[in-house]
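Visitor: Pasting the sequence and the predicted coordinates here, then a few questions.
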Amino acid sequence: MAAAQFGWRLWVRPARAVKACRNVKRCYGTTSSFWPSVTEDHPPSPPPKFTSKDSPKKRIPPSNVMDIPTSADFPIQPLRRPISDKLHIVSSTPEALHASLRAHDIRRAWNVYKQMSREGKLYKLHGDDHTAILSWLTCHTHPKLAAIFASRVHANMRKYNIALDLRDYHSLMLCHLRNNDPRRVAQLFQKLLLHRIKPDARAYTLMLAAYGQAGDYTAATRIWSRMRAELPGARADMDSWATMIDVCGKVGDAAEAFKLFAELRASKARIDRKVFEALIRALGAGGHIEAAFELFKELKDGKHGTTVDLETYDAIIAACEAADDRESARKLWSELLEFCGPKSHVPLASTFTRLLSICAEDGEAALAITLFEGRSRFYPPDLHSYQSVIWALLKCERWADATEWYERLVSEGYMPDANLVHAALAAKRKVIA
């Protein structure tokens, strides 16, 4: 009632759509209506109708890998971005797609690809054309949309019998990982093994990150052991070491992170800076903020053969955020700005986001808006930044400003969290009252 009164577009599914979603849930055991559940060898088909004999209660439970939670649907239907209706597609041909890709006009390339799909012309494309689209989707500013579009490209490749190679699996796994959907990352890894494609270090590292995102340390250690057994050069891959140490930090096991770091140091390999940064984050998440600052100081003094950079500052600020040391995070931000000044560097987008989260928790609306505007000058705005500003405004009880920012967020096509939706509706009621 309140949503209709305010004219806000809430996602209300029709009765037939709700019934169809329930059928999908019975068949595939998932809460998402975005994703096709198909095999590699067969095109998508409508969900079968159950009879009294084959009740959905008798279906075989999923394996342990499939028990990873899937990202939930959002209760808000995003508005169409204004620019998408103004694009003019000259032609829906492979030549037009190639010209768009060469011009780095990714939005136009996607529209050409989508138009070719509608006209049934995707059979004219080579497998590398689909691969190029998938690789560009990994940089999409909307992770949710990127994951949806990547699944569409995946379904099109199956439809036209185009075999996926390792690059395609990398892109698909990364798109779902950015969407905080480790379950589908695990499904893709299983399909990769099913088609007898040997995973490389990057595929294993993406799988480690997915298990870390899900908080499943036991499964991460199994993948880690398998990677070291099957890949001869795994011990020299610093990305996998850093990811595994990050997994330890996400589950709060700083002792295991120290153990991995000691094992790497004993191998007498040249340790990359990203491993030190992962250890700093793990120490902060484990509550050892003093040890994290000590390691950071040693890096600044050059005792480990490397020096600090923007990523190092981001790691120590992340450690402060995990340890709830907000005062130290603010001091480090000021120090980072001084570090960037002479070199004409810009802090990382993730560092801006961390400071915005701290402002949202403290209710510092003015500083949050300043940080958002500073971030927007160098990086595209994202969902987390918008939500942090709105939460800061809500904590300051600036209901009108919070409502205005919320409408701006939805008009940009972002899908906010459910808690923010209810808080914004309550703020709208207070503005009207």
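Guide: Everything's here; your move. Just so it is clear, the structure is predicted and the values come from calculations on it, not from any experiment. Numbering: from 1, shown residues only.

Visitor: what residue lies at the spatial centre of the chain?
Guide: residue 178 (1.8 Å; Cα atoms, centre = their mean).

Visitor: I figured it was touching residue 138, is that so?
Guide: Yes - the pair residue 178 / residue 138 is scored as a contact, 7.3 Å apart, by Cβ atoms under 8 Å. For the C-beta atoms, the positions are set from N, CA and C on the backbone; glycine is no exception.

Visitor: so what sits against both of these two?
Guide: Common neighbours of residue 178 and residue 138, using Cβ atoms under 8 Å, 6 or more residues apart in numbering, are residue 146.

Visitor: how deep is residue 357 tucked in, by neighbour count?
Guide: Close neighbours of residue 357, defined as other Cβ atoms under 10 Å, add up to 20.

Visitor: Surely residue 270 is within a helix?
Guide: No - counting by DSSP: H, G, I helix; E, B strand; the rest coil, residue 270 falls outside a helix, being coil.

Visitor: Pull up the gap between it and residue 209, please.
Guide: 23 Å (Cβ to Cβ, to the nearest Å).

Visitor: what does residue 374 give?
Guide: Counting by Cβ to Cβ, the gap from residue 374 to residue 209 is 29 Å.

Visitor: Which of the two has more residues huddled nearby?
Guide: Between residue 374 and residue 209, counting by other Cβ under 10 Å, residue 209 is the more crowded of the two (23 against 15).

Visitor: Just say helix, strand or coil for that one.
Guide: Residue 209 is classified as helix under three-state DSSP.

Visitor: try residue 197
Guide: coil.

Visitor: what's the burial count for it?
Guide: 16.

Visitor: how about it, what does it touch?
Guide: Contacts for residue 197 were tallied using Cβ under 8 Å, 6+ apart; they are 165-166, 169.

Visitor: swap the cut-off to 10 Å and go again
Guide: 163-166, 168-169, 191, 203 (Cβ atoms under 10 Å, 6 or more residues apart in numbering).

Visitor: Using TSV, please lay out the residues you listed together with distance to residue 302, neighbour count and secondary structure.
Guide: Formatted as TSV, the contacts of residue 197 follow (distance: Cβ to Cβ, whole Å; neighbours: other Cβ atoms under 10 Å; DSSP: H, G, I helix; E, B strand; the rest coil):
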residue	distance to residue 302	neighbour count	secondary structure
163	49	11	coil
164	45	22	coil
165	42	13	coil
166	38	14	helix
168	42	23	helix
169	40	24	helix
191	46	16	helix
203	35	22	helix
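
Visitor: which of these lies closest to residue 351?
Guide: In terms of Cβ to Cβ, no member of the contacts of residue 197 lies closer to residue 351 than residue 203, at 28.5 Å.

Visitor: From residue 248, how far off is that closest one?
Guide: 21 Å.

Visitor: Over to residue 298?
Guide: 20 Å.

Visitor: again with residue 417
Guide: For residue 417, the distance to residue 248 - Cβ to Cβ - is 28 Å.

Visitor: In terms of neighbours, single out the busier of the two.
Guide: More crowded of residue 417 and residue 248, by other Cβ under 10 Å: residue 248, with 27 against 15.

Visitor: can you tell me which residues contact the more buried one?
Guide: 212, 217, 220-221, 254-261, 278-279, 281-282, 285-286.

Visitor: ok, for it, nearest residue in space, not its chain neighbours?
Guide: In this structure, residue 248 finds its nearest non-sequential neighbour in residue 257, 3.9 Å apart by Cβ to Cβ, 6 or more residues apart in numbering.

Visitor: Phi, psi for that neighbour please.
Guide: With angles defined as degrees, to the nearest 10, residue 257 sits at phi -60, psi -40.

Visitor: mind checking pLDDT for it?
Guide: If you check residue 257, the pLDDT there is 92.

Visitor: how near is it to residue 419?
Guide: Counting by Cβ to Cβ, the gap from residue 257 to residue 419 is 31 Å.

Visitor: In terms of packing, which of those two has more residues around it?
Guide: Between residue 257 and residue 419, counted using other Cβ under 10 Å, residue 257 has the larger neighbour count: 25 against 10.

Visitor: didn't the more buried one look like it was pressed against residue 278?
Guide: Yes - between residue 257 and residue 278 there is a contact at 7.8 Å, judged by Cβ atoms under 10 Å.

Visitor: joint contacts of these two?
Guide: With Cβ under 10 Å, 6+ apart as the test, residue 257 and residue 278 both reach 244-249.

Visitor: what stretches of this structure score poorly on pLDDT?
Guide: Applying pLDDT under 70 to the chain flags the ranges 1-90.

Visitor: In contact with residue 164, which residues?
Guide: Residue 164 makes contacts with 40, 127, 130-131, 134, 154, 157-158, 171-172, 188, 191-192, 195, 197, as judged by Cβ under 10 Å, 6+ apart.

Visitor: which of those residues has the most neighbours?
Guide: That'd be residue 172 among these, by other Cβ under 10 Å, with 27 neighbours.

Visitor: thought it was touching residue 134?
Guide: Yes - using Cβ under 10 Å, residue 172 is in contact with residue 134, at 6.6 Å.
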